[in-house]
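S.K.: Return a 3D structure for these sequence lines:
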Amino acid sequence: MNKLFLTLSLLLFGTIPVMADEYPTEETVRFVLNCMTEMGGQTDENLYTCACRYDAIRSAMAYSDYEEGYTFERNMKMPGEKGSSFRDNKRAEGFYKELLKVREKANASCLVVKHVELIKPTSK
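M.R.: Just a heads-up that it's a prediction; the model follows:
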């Protein structure tokens, strides 16, 4: 019983640091779906481009930094007193600026795939 408990503990606690900075599946799906919508719809070509951009962002930025920058972006235009905690947050603004740079680099490095159809020859 003790060996089983020890083995399970090592497996669970040994993987926590690795999982701590992983991007959640929900965020992966949300990013790719939003990206595909911005590119004109859910096509295989857009999926390839958006997945490439997501992978580039994920490899360049820790999730905690991404999350803080994205939260700042989403809430920085919130009016009134509630929005002031976001607008006056220099730390989050720094992560937002980093996120913009990483996005720009990802957009430049990932090909935008266009669908090409085979045209049948007219002559034999």
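S.K.: From now on I want contacts and neighbour counts done on CA atoms only, so please keep to that.
M.R.: Fine.
S.K.: Which helix or strand contains Glu117?
M.R.: Of the helices and strands defined by DSSP states H and E, none includes Glu117.
S.K.: burial measure for it, as a count.
M.R.: Using other C-alpha atoms under 10 Å, Glu117 has 6 other residues around it.
S.K.: Next: Thr43.
M.R.: A total of 12 residues lie near Thr43 under the criterion other C-alpha under 10 Å.
S.K.: centroid residue for the chain?
M.R.: Tyr54 (4.6 Å; C-alpha atoms, centre = their mean).
S.K.: Could you report the pLDDT at that one?
M.R.: Tyr54 carries a pLDDT value of 96.
S.K.: Likewise for Ile119?
M.R.: On the pLDDT scale, Ile119 gets 76.
S.K.: and if you look at Leu12?
M.R.: Leu12 carries a pLDDT value of 50.
S.K.: ok, back up a step: and the gap between the residue nearest to the centre of the chain and Pro24?
M.R.: Separation of Tyr54 from Pro24 (C-alpha to C-alpha, to the nearest Å) stands at 12 Å.
S.K.: before we move on, the earlier item: surely the residue nearest to the centre of the chain meets Asn34?
M.R.: No: the criterion here is C-alpha atoms under 8 Å, and Tyr54 misses it with Asn34 at 11.1 Å.
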